[in-house]
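[1] sharing a sequence plus its predicted fold:
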Amino acid sequence: MSAHGRAIPMISKPSGPLSGEAHVPGDKSISHRALILGALSVGETRVTGLLEGQDVLDTGAAMRAFGAEVWKDGDAWVVHGFGVGGLAEPEQVIDCGNSGTGVRLIMGVMATSPITATFTGDASLNGRPMARVTDPLALFGARAYGRAGGRLPMTIVGAQMPVPVRYATPVPSAQVKSAVLLAGLNAPGETVVIEREATRDHSERMLTGFGADVSVEDSPEGRIITLKGQPELRPQTIAVPRDPSSAAFPVCAALITEGSDVLVPNIGLNPTRAGLFTTLREMGADLTYENERQEGGEPVADLRARFSPDLKGIEVPPGRAASMIDEYPVLSAVAAFAEGPTYMPGVKELRVKESDRIDAMAQGLRANGIEVEEGEDWWRVQGRGFGNVTGGGTVESRLDHRIAMSFLVFGLAARDGVRVDDGSPIATSFPIFEPLMQGLGAAVARDEA
Ligand SMILES: O=C(O)C1=C[C@@H](OP(=O)(O)O)[C@@H](O)[C@H](O)C1
Ligand SMILES: C=C(OP(=O)(O)O)C(=O)O
């Protein structure tokens, strides 16, 4: 089944060397937050470089449903916000499509306002756990009524008299952390989130940029984030950096395609996001950072990736998992071409993404001649070394953009290529993936047969 009705079968196969520049779209995490915080400020926020993927467009539509005006003006997106505490009650069900980030952050936003909203999504999102956000939102005084197991569709009745909350996140999740912080905006007093492992910190950075009082302290308990409630957020001008999670695909494609040399300019290298690139370099990838600089408070560089025939399998430190959580699928595709096993422990969260990503990748890799072992929170890919991967299998993308793109990258270096049953989910995060890869010389195409 497809994310938007019609399945789009795709194929990829070995091509000549990849070369040129890959201008990937804006960061998905930062794009969601820019629209949400724009809506929570009074006045006009202008955003350039916004990712125009379906996940982010759905968040924009949700902000409209709560009373914001959101429109495109030339290259920029403009949000005319309603301010903290100024949400209107939506008249329709909010459809967040495929986006865990969208629905979880927006539930946080509305949970401390005296309104009711009902949320739904596609078959993937409606299977994902929501108790991880509705549990802490209940501490503010919100109530949630969903399907068994805390699944969407779900109605949230916002708190009439919200109280601030102190919450230690039980799972390493920036979505949970952000939902609590966003709920804390409309509660009087200080809301505190404690996370044992650092997860992406875009909410903390952007809240500060919009004028909220946010402090972060490292302690033996972990990172303690304190937010002062009921601030007046000031509209901002935001330039969204390009997405490292999207950059991962052309980078990995270049590493495994003979003779390649690809430049991926202007990539955000916030340390809470850059774990894949560190890992690839440890495996022996010819991947360099050029023109390193700071932009809008975030480290940015141009990535240069060249064909790397001598990759070695490694053990990925579990403490790095949060900083590359969305990149394990494409890492496992690259690991198939390395010498020896790549062991990836501490990654239970992969089982509750758009698909069970350990299972989706393991089954797809096995269908292409790669041995994979797995446990609940770990997996190991047995690399066959460059030139020894046959491929030729068909894989299921399971409504998961990253599974589809990871296998299309894999097929570029597998002797008989690969077929993906449905590439339509790619539009959620990387709508220009197909022309961008073709522009580099990659044989990625729709399978019209
Ligand atoms: O906060 C965010 O923008 C995101 C957090 C991560 O999810 P979790 O918080 O579930 O780890 C990540 O997988 C997702 O793509 C984006
Ligand atoms: C996990 C992802 O997104 P989300 O949780 O927002 O659906 C992702 O983009 O890989």
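    On my side now, so go ahead. Ligands and ions are numbered 1, 2, ... in the order given.

[2] surely H32 forms part of a strand?
    No: looking at H32 with DSSP: H, G, I helix; E, B strand; the rest coil, it is helix, so not inside a strand.

[3] apart from its chain neighbours, what residue comes closest to A360?
    I403 (4.7 Å; CB to CB, 6 or more residues apart in numbering). Bear in mind the C-beta positions are built from the backbone N, C-alpha and C, glycine included.

[4] surely that neighbour is in contact with V418?
    No: look at I403 against V418 with CB atoms under 8 Å: they stay out of range, at 11.6 Å.

[5] coming back round to it: secondary structure class for the residue nearest to A360?
    Criterion first, three-state DSSP; result for I403: helix.

[6] if we can go back for a sec, joint contacts of I403 and V418?
    V395 (CB atoms under 8 Å, 6 or more residues apart in numbering).

[7] can you list phi and psi of R306 for me?
    Backbone torsions for R306, taken as degrees, to the nearest 10, come to phi -120, psi 150.

[8] for it, grab the count of nearby residues.
    With neighbours defined by other CB atoms under 10 Å, the count for R306 comes to 18.

[9] and what of A22?
    Neighbours of A22 (other CB under 10 Å): 25.

[10] where does this protein dip in pLDDT?
    1-4, 449 (pLDDT under 70).

[11] returning to that earlier point: residues near the residue nearest to A360, how many?
    29.

[12] roughly how far does it sit from ligand 2?
    According to CB to the nearest ligand atom, to the nearest Å, I403 and ligand 2 sit 10 Å apart.

[13] who are the contact partners of that residue?
    By CB under 8 Å, 6+ apart, the contact set of I403 is 329, 354-355, 357, 360-361, 364, 395-397.

[14] A212 touches P231, doesn't it?
    Yes: A212 lies in contact with P231 (CB under 8 Å); the separation is 4.6 Å.

[15] so what sits against both of those two?
    Contacts common to A212 and P231, judged by CB under 8 Å, 6+ apart, are L185.

[16] can you give me how far stretch 65-74 is from the chain middle?
    How far stretch 65-74 lies from its chain's middle: 23 Å, per CA atoms, centre = their mean, to the nearest Å.

[17] cool, stretch 350-366 as well?
    16 Å.

[18] over to stretch 283-302?
    That offset, for stretch 283-302, works out to 19 Å (CA atoms, centre = their mean).

[19] that stretch: end-to-end distance?
    20 Å (CA to CA, to the nearest Å).

[20] contacts for that stretch, please.
    By CB under 8 Å, 6+ apart, stretch 283-302 touches 205, 209, 238-239, 241, 251, 255, 263-271, 277, 280-281, 303-308, 310-314, 334-335, 338, 342.

[21] how does it look with 6 Å?
    For stretch 283-302, the surrounding residues in contact (CB atoms under 6 Å, 6 or more residues apart in numbering) are 239, 241, 255, 263, 265-266, 268-270, 280-281, 304-306, 308, 310-312, 314, 338.

[22] buried members of these into ChimeraX, please.
    In ChimeraX syntax, the buried subset of the contacts of stretch 283-302 is picked out as below (16 or more other CB atoms under 10 Å):
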select :239,241,255,263,265,266,268,269,270,280,304,305,306,308,311,312,314,338
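
[23] how much space is there between L440 and ligand 2?
    From L440 to ligand 2 the distance is 22 Å (CB to the nearest ligand atom).

[24] contact partners for that residue?
    Applying CB under 6 Å, 6+ apart, the residues near L440 are 18, 20, 262.

[25] ok, the residues you listed vs K177, which is closest?
    V262 (33.7 Å; CB to CB).

[26] from ligand 2, how far out is the closest residue to K348 other than its chain neighbours?
    Distances taken as CB to CB, 6+ apart place D377 nearest to K348, at 3.8 Å, with adjacent residues excluded. Using CB to the nearest ligand atom, we find D377 at a distance of 17 Å from ligand 2.

[27] also M107?
    M107 is 13 Å from ligand 2, by CB to the nearest ligand atom.

[28] so where do the strands sit in the stretch 51-200 of the chain?
    69-73, 76-82, 94-95, 116-120, 143-147, 151-157, 166-168, 190-195 (DSSP state E, counting those that start in this stretch).

[29] which stretch among those strands comes nearest ligand 2?
    Ligand 2 lies closest to strand 151-157 among the strands of the stretch 51-200 of the chain, at 12.2 Å (CB to the nearest ligand atom).

[30] on that earlier part again, got the contacts of I403 as JSON lines, with neighbour count, secondary structure and distance to ligand 1 columns?
    Conversion of those to JSON lines gives the following (neighbours: other CB atoms under 10 Å; DSSP: H, G, I helix; E, B strand; the rest coil; distance: CB to the nearest ligand atom, whole Å):
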{"residue": "P329", "neighbour count": "26", "secondary structure": "helix", "distance to ligand 1": "11"}
{"residue": "E354", "neighbour count": "27", "secondary structure": "coil", "distance to ligand 1": "9"}
{"residue": "S355", "neighbour count": "24", "secondary structure": "coil", "distance to ligand 1": "12"}
{"residue": "R357", "neighbour count": "25", "secondary structure": "helix", "distance to ligand 1": "10"}
{"residue": "A360", "neighbour count": "26", "secondary structure": "helix", "distance to ligand 1": "15"}
{"residue": "M361", "neighbour count": "32", "secondary structure": "helix", "distance to ligand 1": "15"}
{"residue": "G364", "neighbour count": "26", "secondary structure": "helix", "distance to ligand 1": "19"}
{"residue": "V395", "neighbour count": "25", "secondary structure": "strand", "distance to ligand 1": "21"}
{"residue": "E396", "neighbour count": "17", "secondary structure": "coil", "distance to ligand 1": "20"}
{"residue": "S397", "neighbour count": "30", "secondary structure": "coil", "distance to ligand 1": "16"}
